[in-house]
Structures are given as C-alpha cells and as structure tokens.
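A.B. asks: return a 3D structure for these sequence lines:
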Amino acid sequence: KKGRSSSSCLASSSPNSSSEGSTMSSPRWFQYEISVTAPSRGCHLITKDVNDAIKKDISSIKIGLANLFIQHTSASLTINENADPDVRRDMEMALNKIVPASWNHDGTFRHTMEGDDDMPGHVKSSLMGPSLNIPIRNGRLALGTWQGIYLNEHRDQGGWGGGHTRRIVITLQGQS
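C.D. replies: The predicted model follows:
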C-alpha cells in the first residue's frame with residue numbers, strides 16, 4: 001500500500017530593493033503545506049511528493065534554500081540513500097535498537113500511556129530532527145545522485161503510525 005500526499009501553496013515576492021543597474025533580482029518566497037500518509041511505521045521516501053508540490057515555483061529560483069518542517073513530535077525527516085530499500089529497513093532497525101519500545105516496561109520512560117511506541121517515537125523524532133535545509137540550484141533541489149528525502153514514521157499504534165497523515169511545511173526562498 002503506497003502513501004498518499006496533497007499540497008497547498010502561498011507565494012510572496014518583495015520589490016527589488018537593490019541599487020539601480022544591479023542585475024540582482026528580488027527575493028522570492030513560496031510556502032506549501034503537504035500532507036503525506038506513510039503506509040506503515042518506518043522510513044519512507046517522499047522526494048517525489050516534495051518535488052511534485054514545488055515544481056511550479058522552484059523552477060523560477062536560480063539560487064536559494066528549501067526548508068522542510070514536519071509538524072509532529074513522533075515523526076521526523078532526514079536525507080539518505082534513495083536507491084536501495086534495504087537502507088530504509090536498516091535505518092528503522094537501527095533506530096529500534098537505539099531506542100527500544102521495551103523501555104516503556106522496564107521503568108526507563110514515565111510517559112507510557114499512549115502506547116509502547118509513543119515515547120520511543122518522541123525520542124527518535126528528536127534524534128532525527130523535524131526539519132531539513134536543502135540548497136536550490138538552477139531551479140532544482142541540489143540533492144546528490146543517491147540522496148532522497150525520508151519521512152520517518154515512528155509510530156504504529158495509538159491511532160497514529162501507519163496510515164496516519166503527517167503535515168510538512170515547505171518554504172522556498174531564493175532569487176532568479
């Protein structure tokens with residue numbers, strides 16, 4: 001079962017404040033909110049979802065930055081290899097060894113009422129991080145050949161996890 005996504009966009013462009021005769025264009029800003037549904041707990045490639053949401057406006061930016069921010073505390077974003085699915089499975093396995101759900105039963109965690117994966121999900125989210133900054137070069141995200149954007153879903157129960165929709169705010173800033 002594949003994940004789903006949807007998006008919306010806000011745009012802003014400021015007047016050119018540079019001196020006369022300058023070839024510098026005015027800064028451009030675009031902001032989107034996409035919703036991505038991970039089909040299950042784990043690490044999921046969302047590069048296509050991000051590119052589909054920003055394709056209309058990113059092409060107008062020659063140099064800039066894209067910031068991605070996930071609006072949740074038990075999911076995270078990262079960049080890693082996009083070719084071999086075993087990398088995504090190994091990432092999930094490593095995170096589960098670093099922060100095991102068993103800590104809910106041995107007294108390590110106090111916040112345990114939302115399920116065995118809730119507090120481990122919060123810790124994993126903090127370790128991986130809620131945001132990414134990616135350079136924009138010549139109208140494209142300047143990702144390396146083997147780099148992809150991951151949504152890391154850290155929950156699989158409690159009404160969150162697999163099948164739960166996660167919101168990601170994408171802000172593009174740059175100049176043409």
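A.B. asks: who touches the longest helix along the chain?
C.D. replies: Ranked by residue count and defined by DSSP state H, the top helix of the chain is helix 85-98. For helix 85-98, the external contacting residues (CB atoms under 8 Å, 6 or more residues apart in numbering) are 41-45, 78, 80-81, 120, 124, 127-128, 150, 152, 154. Bear in mind the C-beta positions are built from the backbone N, C-alpha and C, glycine included.
A.B. asks: of those residues, buried ones?
C.D. replies: Buried by 16 or more other CB atoms under 10 Å: 41-45, 80-81, 120, 124, 128, 150, 152, 154, out of the contacts of helix 85-98.
A.B. asks: farthest pair in these?
C.D. replies: 81 and 120 (23.7 Å; CB to CB).
A.B. asks: find the centremost residue of the protein, please.
C.D. replies: In the chain, the residue lying closest to the centroid (CA atoms, centre = their mean) is residue 77, at 4.0 Å.
A.B. asks: sec struct for residue 110, please.
C.D. replies: For residue 110, the assignment made with DSSP: H, G, I helix; E, B strand; the rest coil gives coil.
A.B. asks: convert the strand or helix carrying residue 152 to PDB, retaining C-alpha atoms only.
C.D. replies: According to DSSP states H and E, residue 152 maps onto strand 147-153. What follows is strand 147-153 as a C-alpha-only set of coordinates in PDB (Å, rounded to 0.1, in the frame of the first residue of the first chain):
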ATOM      1  CA  GLN A 147      20.100  11.200  -1.900                       C
ATOM      2  CA  GLY A 148      16.400  11.100  -1.100                       C
ATOM      3  CA  ILE A 149      14.100  12.800   1.400                       C
ATOM      4  CA  TYR A 150      12.700  10.400   4.000                       C
ATOM      5  CA  LEU A 151       9.600  10.700   6.200                       C
ATOM      6  CA  ASN A 152      10.400   8.600   9.300                       C
ATOM      7  CA  GLU A 153       7.200   7.400  10.800                       C
END
